[in-house]
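Peer 1: Using only what follows, build the 3D model:
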Amino acid sequence: MERSSHAARFADLIGAANVLTTPDDQAPYLTEWRDLYQGVTPIVLRPGTTEEVSKVMTYAYEQGLKIVPQGGNTGLVGGQIPQETGDEIVLSLSRLNKIRSVDPVGFTITVEAGVVLETLQNEADKADRLFPLSLGAQGSCQIGGNISTNAGGTAVLAYGNTRDLVLGLEVVLPTGEIWNGLRTLRKDNTGYDLKQLFIGAEGTLGIITAAALKLFPKPKKLEAAFVGLPNPQAALKLFTLAKAQAGPVLTGFEIMPRVGVEFCLRHLDGARDPLESEHAWYVLMELSSGSEAFPVRDLLESILGEAFEEGLVEDAAFAQSLSQVQDFWHIRHGMSEVQKPEGGSIKHDVSVPVASIPDFLDKAMAAVGEFVPGCRPVPFGHIGDGNIHFNVSQPIGADKEEYLSKWDEMNAIVHGIVHDFGGSISAEHGIGRLKRDLLKDVKSGIEMELMQRIKTAFDPKDLLNPGRVL
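Peer 2: Below you'll find the predicted structure:
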């Protein structure tokens, strides 16, 4: 790659200050936060408008340059990190960070791809509306990346995945052409729904530059409880009871093991144990309503009272304020980051049918314990939608690198059990580089062929995020 000549041309297109070529300037864009990937790139580009992205892609397409789109660099499967070969250019969307419009009456908001998720949430809140997507990385992840990976998060139970929140998109294609599909219509049955091709495509078909998104009524009453239980079987029965009684008012239901809570108490600033005694498992349960008149607290107490009588629940702490609700969620959202100080952690983002979660956990925890005696499984996540982050921390005192060398073998064990339950090896994190070679084992031949045809149709030169997903 003729680095200097390309850098000069890009400088003409987007300004020299937005063409990064020195190691210090590039460093934040080249490392994945779990340290699984360390990329190399000749250039990092930071265009500031959709038109500048279009100009960059037009030139890249003409010159045959490989481009890796990147949002907040919080992805967990390596899709946003350039290859170590040094022949891929990083295109950061962070400067496309404008709130274009807010429509409280139509319950929509239109934003650029580089808007940080927490900023988007706050803008909705200012309009007395709710944007429900909620992730542990919401202070740094960007909405374009959330859409490109079809992020899940803790609100899927009530509001669906990111895919369900998108009304329209603006996308720059690999050729540099701009598709403006920023419609805010709730109904538009005019042919192929093109936006769905780009949602979850991980930047392999086009670069999302803006999105029109759904807003929802802001909850007027919100209650939460941190619940101690003996086992996942009890958690599933509690979920069934809560869902039957609360319906759409049940907006959060997250399961956590004791070891994960202990990690939070050790490593998470401000974390305190909500319950006086220790329990093998915990559930964070949230109910909310847009009506001040709805008896949310009474319903929560009624559900847990019945669960106590049935022997499902050992103890529960009710949040006495919004601050305490946030404290409960602080523990849940910190569950990923607190595993890092405990050493090596082998990750699995999987889903199984909701009814199968207890059996899956029993079998998977036993299997990894047999494979690596002394390892510490930390399975947590969204029991209401079947998505479990089945993470396994190294044995205390073990060598981190030696433990992580078992990644593929442990993946095979866990994913085999997931397959037996009819589940998925990627519930919400995507495929990226980490799981690319696993895809052919879980997709049929015709599925793989159709995906390849779509990729070829949009990106015949294979220049946009090559080697990811496919």
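Peer 1: what about stretch 5-15, average pLDDT?
Peer 2: This predicted structure assigns stretch 5-15 an average pLDDT of 96.
Peer 1: What is the least confident helix or strand in this structure?
Peer 2: Within the chain, judged by mean pLDDT, DSSP states H and E, the helix or strand with the poorest mean is helix 439-442; its value is a mean of 89.
Peer 1: End to end on stretch 95-115, go ahead and measure it.
Peer 2: Taking Cα to Cα, to the nearest Å, the span from the opening residue of stretch 95-115 to its closing residue is 8 Å.
Peer 1: List the buried residues of it.
Peer 2: Along stretch 95-115, the positions that meet the burial threshold by neighbour count (16 or more other Cβ atoms under 10 Å) are 95-97, 99, 102, 107-115. For glycine as for every other residue, the C-beta is placed from the backbone atoms N, C-alpha and C.
Peer 1: Just to be sure, Val378 is in a helix?
Peer 2: No - remark: Val378 does not belong to a helix; assigned using DSSP: H, G, I helix; E, B strand; the rest coil, it is strand.
Peer 1: can you tell me how far it sits from Thr204?
Peer 2: In this view, Val378 and Thr204 are 31 Å apart by Cβ to Cβ, to the nearest Å.
Peer 1: for the next helix or strand after the least confident helix or strand of the chain, what is the average pLDDT?
Peer 2: Going down the chain from helix 439-442, the next helix or strand is helix 445-458, by DSSP states H and E. Averaging pLDDT along helix 445-458 yields 97.
Peer 1: other SSEs contacting helix 445-458?
Peer 2: Other helices and strands packing on helix 445-458, by 3 or more Cβ pairs under 8 Å, 6 or more residues apart in numbering; DSSP states H and E, are absent; none qualifies.
Peer 1: out of the buried residues of stretch 95-115, what pair is the most spread apart?
Peer 2: When Cβ to Cβ is used, the two most widely separated members of the buried residues of stretch 95-115 are Arg95 and Phe107, lying 27.9 Å apart.
Peer 1: Check whether Ile109 really touches Val115, as I assumed.
Peer 2: No - shown here, Ile109 and Val115 do not form a contact pair, counting by Cβ atoms under 8 Å, at 9.5 Å.
Peer 1: which neighbours do these two share?
Peer 2: Taking Cβ atoms under 8 Å, 6 or more residues apart in numbering as the contact rule, the neighbours common to Ile109 and Val115 are Ile99.
Peer 1: As JSON lines, the buried residues of stretch 95-115 with pLDDT and secondary structure would be great.
Peer 2: As requested, those are exported to JSON lines (pLDDT from 0 to 100; DSSP: H, G, I helix; E, B strand; the rest coil):
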{"residue": "Arg95", "pLDDT": "98", "secondary structure": "coil"}
{"residue": "Leu96", "pLDDT": "98", "secondary structure": "coil"}
{"residue": "Asn97", "pLDDT": "98", "secondary structure": "coil"}
{"residue": "Ile99", "pLDDT": "98", "secondary structure": "strand"}
{"residue": "Val102", "pLDDT": "98", "secondary structure": "strand"}
{"residue": "Phe107", "pLDDT": "98", "secondary structure": "coil"}
{"residue": "Thr108", "pLDDT": "98", "secondary structure": "strand"}
{"residue": "Ile109", "pLDDT": "98", "secondary structure": "strand"}
{"residue": "Thr110", "pLDDT": "98", "secondary structure": "strand"}
{"residue": "Val111", "pLDDT": "98", "secondary structure": "strand"}
{"residue": "Glu112", "pLDDT": "98", "secondary structure": "strand"}
{"residue": "Ala113", "pLDDT": "98", "secondary structure": "coil"}
{"residue": "Gly114", "pLDDT": "98", "secondary structure": "coil"}
{"residue": "Val115", "pLDDT": "98", "secondary structure": "coil"}
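Peer 1: so what's the residue positioned nearest the centre of the chain up against?
Peer 2: Centrality entry for the chain: nearest residue to the mean C-alpha point is Ala151, 3.8 Å, by Cα atoms, centre = their mean. For Ala151, the contacting residues are 133, 135, 141, 145, 161-162, 428, taking Cβ under 8 Å, 6+ apart as the criterion.
Peer 1: rerun at 6 Å
Peer 2: For Ala151, the contact set (Cβ atoms under 6 Å, 6 or more residues apart in numbering) comprises Thr162.
Peer 1: sec struct for it, please.
Peer 2: On the three-state scheme (three-state DSSP), Ala151 is labelled coil.
Peer 1: Let me know the pLDDT of it.
Peer 2: Residue-level confidence at Ala151 comes out at 93, pLDDT.
Peer 1: Ramachandran angles for it?
Peer 2: Here is the backbone geometry of Ala151 (degrees, to the nearest 10): phi -60, psi 150.
Peer 1: now it: how far from Val102?
Peer 2: Using Cβ to Cβ, one gets 21 Å for the distance from Ala151 to Val102.
Peer 1: Please name the nearest non-neighbouring residue to Gly290.
Peer 2: Nearest in space to Gly290, with sequence neighbours left out and distances taken as Cβ to Cβ, 6 or more residues apart in numbering, is Pro217 at 3.8 Å.
Peer 1: A strand includes Ala137, no?
Peer 2: No - per three-state DSSP, Ala137 lies outside any strand segment and is coil.
Peer 1: tell me, how many neighbours does the closest residue to it other than its chain neighbours end up with?
Peer 2: Of all residues beyond its chain neighbours, the one nearest Ala137 is Thr74 (4.1 Å), with distances taken as Cβ to Cβ, 6+ apart. Each residue near Thr74 was counted by other Cβ atoms under 10 Å, and the total is 21.
Peer 1: cool, Arg266 as well?
Peer 2: A count of nearby residues for Arg266, using other Cβ under 10 Å, gives 11.
Peer 1: how about it, secondary structure?
Peer 2: Here Arg266 is helix, with the state taken from three-state DSSP.
Peer 1: ok, now Gly247?
Peer 2: Using three-state DSSP, the three-state assignment for Gly247 comes out as helix.
Peer 1: any idea how far it is from Leu157?
Peer 2: Distance of Gly247 to Leu157, given as Cβ to Cβ: 11 Å.
Peer 1: Between these two, which has more neighbouring residues?
Peer 2: Regarding Gly247 and Leu157, a neighbour count based on other Cβ under 10 Å identifies Leu157 as having more, with 21 against 9.
Peer 1: With adjacent residues omitted, what lies nearest to Gly384?
Peer 2: With Cβ to Cβ, 6+ apart as the criterion, Gly384 has its nearest non-adjacent residue at 3.8 Å, and that residue is Leu157.
Peer 1: what's in contact with the host helix or strand of that neighbour?
Peer 2: Secondary structure from DSSP H and E places Leu157 in helix 156-159. With contact meaning Cβ under 6 Å, 6+ apart, helix 156-159 is reached by 132, 251, 253, 382, 384-385.
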